[in-house]
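S.K.: sequence unknown, structure follows:
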Ligand code: C2O
Ligand code: CU
Ligand code: CU
């Protein structure tokens, strides 16, 4: 399709076009004027049947849809071995068992995910349930999905996706920020409360979201739905694949005021080796890494550069009495002692060896499951993701940030620690973690170790876990695990 994004020539995009059968109970909405979407709305317990038809114009573009965050059987999860060729179809049929929350879907063909997402393929999967209904959060037009992505355009307004080796290694960074597919988005709003569902749908850019005014953010949900209580944060870190929901209260904002949501600067996510004490670049080997990082996509702001995300303009007075509930939905906490390996966490080590991102020293092999990648059905496990430094690797001696995503369901984060020598960068972001809720993707900074608890239930079979920097994923920073 062609969609107008910038003034002038429309942009050629790939997009999910939904056709809903008559009498279908699922609500499917477009994100207006966008290549993104649709938004599929379902209730917990609802059975869905979705036929994916690969009509991509390029005969090399195999594809498959992954329902990110949902607890589906392996065959319904969009594992890369289930890809279909252009002209073929794949039928999904599963019951949604997840709690209410903001999930999403995107392609998952091995080696081609990054390009397909850049071209526009991504949508939202919003689940609601009676427990959430009972809270009475803002709904309808006051429940706003916001998908943040970065893109680079050529002189003819077409998307640029450079698959040069440097982009492949470090990840794509775009020159412009798009929200719901639009640049410089300004939302007009009323003096009342809103629910914002924010997805970082970027390939590799990480955001440190904050109000420009210094007002704190009120967080009500993470990847797997509502928190127990609203939390405030000075800023929120949002890595690719992660979602956060905000309660945005505009009741006391004078009319005709404009608020700005920005991404604040941070320096620890990559090229840590090149940063001096002051955060300035120094020269030598690390400096070279920094230059490589900047070379990967022309004039794109580097990772951690300050950015404007969107603006909200309060234009109408509205009398509305919705108040922020003091409690949301209880979360049953996993107990570490209940894990089958409570004292011997399953170690997931991230590293770079000879220009190849690896997990436990391995790269992705389509149907391979190593002996240490098998878990038992109906167990709770403690996993420890270790973002190692890469001594001797010229390209990335100190490592970079990796958002690690596990298919099959949601987990709980129980502990984070960081190497003393990389603490400075971590300090710049750590207050923006929201580890209190259900998660399916976790940002792991250079030198950081994250412990999480995940229960494996209902289905046996093979799922993947991977880095959600889509260039890393495509380059093989992904492995299978099997539930037996
Ligand atoms: Cu959102 Cu396997 O990815
Ligand atoms: Cu996923
Ligand atoms: Cu990565």
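M.R.: Done, it's in. These figures come from a predicted structure and were not determined experimentally. Ligands and ions are numbered 1, 2, ... in the order given.

S.K.: Point out the residues in this structure that sit beside ligand 2.
M.R.: Counting by Cβ under 5 Å from the ion, the residues of the chain lying close to ligand 2 are 68, 407. C-beta: built from backbone N, CA, C; applies to glycine.

S.K.: pLDDT below threshold where in the chain?
M.R.: Counting by pLDDT under 70, the low-confidence segments of the chain come to 23, 25-26, 271-297, 394-396.

S.K.: Ligand 1 contacts on that one?
M.R.: Neighbours of ligand 1 within the chain, by Cβ under 6 Å from any ligand atom: 66, 68, 106, 108, 241, 405, 407, 464, 466, 468.

S.K.: Dump those residues into JSON lines; add neighbour count and secondary structure as well.
M.R.: Converted to JSON lines, the residues of the chain next to ligand 1 look like this (neighbours: other Cβ atoms under 10 Å; DSSP: H, G, I helix; E, B strand; the rest coil):
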{"residue": "66", "neighbour count": "23", "secondary structure": "strand"}
{"residue": "68", "neighbour count": "25", "secondary structure": "strand"}
{"residue": "106", "neighbour count": "21", "secondary structure": "strand"}
{"residue": "108", "neighbour count": "26", "secondary structure": "coil"}
{"residue": "241", "neighbour count": "27", "secondary structure": "coil"}
{"residue": "405", "neighbour count": "25", "secondary structure": "strand"}
{"residue": "407", "neighbour count": "25", "secondary structure": "coil"}
{"residue": "464", "neighbour count": "23", "secondary structure": "strand"}
{"residue": "466", "neighbour count": "29", "secondary structure": "strand"}
{"residue": "468", "neighbour count": "27", "secondary structure": "coil"}
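
S.K.: Domain parsing of this structure, as residue ranges.
M.R.: Per automatic domain parsing, the domain ranges recorded for the chain read 2-135, 140-316, 336-483.

S.K.: starting at the chain centroid, how far to the last one?
M.R.: How far domain 336-483 lies from its chain's middle: 15 Å, per Cα atoms, centre = their mean, to the nearest Å.

S.K.: Spell out whether it and ligand 3 are in contact.
M.R.: Yes: contact of domain 336-483 with ligand 3 is found when judged by Cβ under 5 Å from the ion, involving 402, 467, 469, 472.

S.K.: Determine which of the domains of the chain approaches residue 328 most closely.
M.R.: Of all the domains of the chain, the one in closest proximity to residue 328, counting by Cβ to Cβ, is domain 140-316 (4.3 Å).

S.K.: Compute the first-to-last residue distance for that closest one.
M.R.: The distance separating the two terminal residues of domain 140-316, taken as Cα to Cα, to the nearest Å, comes to 17 Å.

S.K.: Just the closest residue of the stretch 251-400 of the chain to ligand 3, please.
M.R.: Residue of the stretch 251-400 of the chain nearest ligand 3, by Cβ to the ion: residue 357 (5.8 Å).

S.K.: ok, that residue - contacts?
M.R.: When contacts are counted by Cβ atoms under 8 Å, 6 or more residues apart in numbering, residue 357 touches 169, 350-351, 363, 467, 472, 475-477.

S.K.: Just the buried ones out of those, please.
M.R.: Buried residues within those, counting neighbours by 16 or more other Cβ atoms under 10 Å: 169, 350-351, 467, 472, 475-477.

S.K.: Excluding sequence neighbours, find me the nearest residue to residue 421.
M.R.: Spatially, and ignoring its direct neighbours in sequence, residue 421 is nearest to residue 447 (6.9 Å; Cβ to Cβ, 6 or more residues apart in numbering).

S.K.: What are the boundaries of the helices in the stretch 101-250 of the chain?
M.R.: For the stretch 101-250 of the chain, applying DSSP state H, counting those that start in this stretch gives helices covering 113-118, 130-135, 165-170.

S.K.: List phi and psi for the nearest residue to residue 458 once chain neighbours are set aside.
M.R.: Distance criterion Cβ to Cβ, 6+ apart; nearest residue to residue 458, sequence neighbours excluded, is residue 71 at 7.0 Å. When read as degrees, to the nearest 10, the backbone of residue 71 gives phi -90, psi 80.

S.K.: what about residue 71, distance to residue 444?
M.R.: 22 Å (Cβ to Cβ, to the nearest Å).

S.K.: Check whether stretch 168-175 comes near ligand 3.
M.R.: No: Stretch 168-175 lies out of reach of ligand 3 by Cβ under 5 Å from the ion, never closer than 7.2 Å.

S.K.: what comes into contact with that stretch?
M.R.: 114, 118, 149-153, 161-162, 202-205, 270, 292-293, 296-303, 355, 357, 395, 400, 469-472, 474-475.

S.K.: List buried residues within those residues.
M.R.: Neighbour-count burial (16+ other Cβ under 10 Å) is assigned, among the contacts of stretch 168-175, to 114, 118, 149-153, 161-162, 202-205, 270, 292-293, 296-297, 300-303, 357, 395, 400, 469-472, 474-475.

S.K.: Which of the buried ones among the contacts of residue 357 fall within strands?
M.R.: By the criterion of DSSP state E, membership of those in strands covers 350-351, 467.

S.K.: can you tell me which residues contact the residue nearest to residue 458?
M.R.: Contacts were defined as Cβ under 8 Å, 6+ apart; by that measure residue 71 touches 97-98, 408-410, 458.

S.K.: Of all pairs in those, which one is the farthest apart?
M.R.: Comparing all pairs in the contacts of residue 71 by Cβ to Cβ, the longest separation belongs to 410 and 458, at 12.8 Å.

S.K.: So the two - more neighbours on which side?
M.R.: Higher neighbour count among residue 410 and residue 458: residue 410, with 23 against 14, using other Cβ atoms under 10 Å.

S.K.: what's near enough to touch the residue nearest to the spatial centre of the chain?
M.R.: Taking Cα atoms, centre = their mean as the criterion, residue 241 is the residue nearest the geometric centre of the chain, at 1.1 Å. The neighbourhood of residue 241, defined by Cβ under 8 Å, 6+ apart, consists of 68, 200, 403, 405, 440-441, 468.

S.K.: Kindly reformat those residues as a markdown table containing distance to residue 329.
M.R.: Conversion of these to a markdown table gives the following (distance: Cβ to Cβ, whole Å):
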| residue | distance to residue 329 |
| --- | --- |
| 68 | 21 |
| 200 | 23 |
| 403 | 25 |
| 405 | 23 |
| 440 | 17 |
| 441 | 20 |
| 468 | 25 |
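
S.K.: hey, where'd the helices end up in the stretch 351-484 of the chain?
M.R.: According to DSSP H, counting those that start in this stretch, the helices that the stretch 351-484 of the chain contains are 423-427, 470-474.

S.K.: Adding distance to residue 31, write the ones you listed out as TSV.
M.R.: Formatted as TSV, the entries for the helices of the stretch 351-484 of the chain read as follows, by distance: least, Cβ to Cβ, whole Å:
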stretch	distance to residue 31
helix 423-427	34
helix 470-474	20
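
S.K.: That concludes my questions; thank you for your assistance.
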